[in-house]
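Enquirer: Show me how the following folds:
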Amino acid sequence: MVEGVEVDGSGVEVPEALRPLSWLIGHWVGVGTGQYPTIDDFRFGQEVVISTDGRPFLSYHSRSWLLDDAGERVRPLGTESGYWRPRPDNAIELTLAHPTGYAEIWVGTLEVTGLENATITGARATLHTDCVARTESAKDYSAGERLYGLVDGRLLWTFDMRAVGEPMTNHLAATLQPVEGRTEAS
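Expert: Numbers count the residues shown, from 1 in each chain. The predicted structure follows:
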């Protein structure tokens with residue numbers, strides 16, 4: 001490693017523009033809860049992989065599974081892929097695509113809340129949808145708000161949505177731990 005050059009877990013240099021977002025880079029797994037006025041509450045397992053190939057964006061892929069009371073996988077749930085893009089003045093953009101017929105453009109802000117020895121130890125990304133596009137067969141979903149945070153080395157996130165005639169309401173939240181080594185997807 002070159003002195004003063006930040007690299008991700010695979011040894012790829014993190015571009016200067018991405019360094020405020022570098023706390024997201026990694027392989028994360030954990031458990032979350034889901035709820036919405038129109039469905040039964042549930043628990044889910046999740047795997048998130050966020051990486052860089054050296055260009056000024058982060059690649060993002062998430063997949064989740066319904067969990068039973070014993071914490072065992074029952075069936076696949078959501079999956080989404082996209083890109084995090086830093087913008088000037090701590091602004092961020094996130095593009096996401098879902099196999100259920102959605103594409104979203106998210107905009108928001110980034111705040112670093114902790115820094116120790118030039119390493120980000122606390123951060124928050126607050127996002128809201130700028131655009132939601134859906135296919136004719138996708139269910140009604142018109143807006144969302146997301147919050148991601150780095151707290152005590154864990155990735156915490158929450159997702160509120162406006163869908164199927166309901167006002168903006170919390171739908172998902174999870175706590176993810178960093179994992180070393182290969183992902184199940186690789």
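Enquirer: From now on I want contacts and neighbour counts done on CA atoms only, so please keep to that.
Expert: Will do.
Enquirer: so what's His128 closest to, chain neighbours aside?
Expert: Glu145 (4.3 Å; Cα to Cα, 6 or more residues apart in numbering).
Enquirer: Is Leu176 bridged to anything, and to what?
Expert: Gly30, Leu155 (DSSP bridges).
Enquirer: doesn't Asp152 make contact with it?
Expert: No: between Leu176 and Asp152 there is no contact under Cα atoms under 8 Å: 11.1 Å.
Enquirer: Between those two, which is the more surrounded one?
Expert: Neighbour tally, Leu176 and Asp152, criterion other Cα atoms under 10 Å: the higher count belongs to Leu176, 21 against 10.
Enquirer: Would you mind listing the residues in contact with the more buried one?
Expert: Under the criterion of Cα atoms under 8 Å, 6 or more residues apart in numbering, the neighbours of Leu176 are 28-31, 46, 154-156.
Enquirer: Ala133 versus that one, what's the distance?
Expert: Between Leu176 and Ala133 the distance is 28 Å, computed by Cα to Cα, to the nearest Å.
Enquirer: Then Gly101?
Expert: Look at Gly101 and Ala133: by Cα to Cα, they are 8 Å apart.
Enquirer: now Tyr148
Expert: Tyr148 is 22 Å from Ala133, by Cα to Cα.
Enquirer: Neighbour count: these two, which is higher?
Expert: Using other Cα under 10 Å as the criterion, Tyr148 and Ala133 rank with Tyr148 on top: 20 against 15.
Enquirer: my guess is that one contacts Ala125, does it?
Expert: Yes: using Cα under 8 Å, Tyr148 is in contact with Ala125, at 5.1 Å.
Enquirer: How about stretch 103-118, which residues are buried there?
Expert: Across stretch 103-118, burial judged by 16 or more other Cα atoms under 10 Å covers 103-110, 112.
Enquirer: thinking again about what came up before, does the residue nearest to His128 touch Leu127 like I think?
Expert: Yes: the criterion here is Cα under 8 Å, and Glu145 meets it with Leu127 at 5.7 Å.
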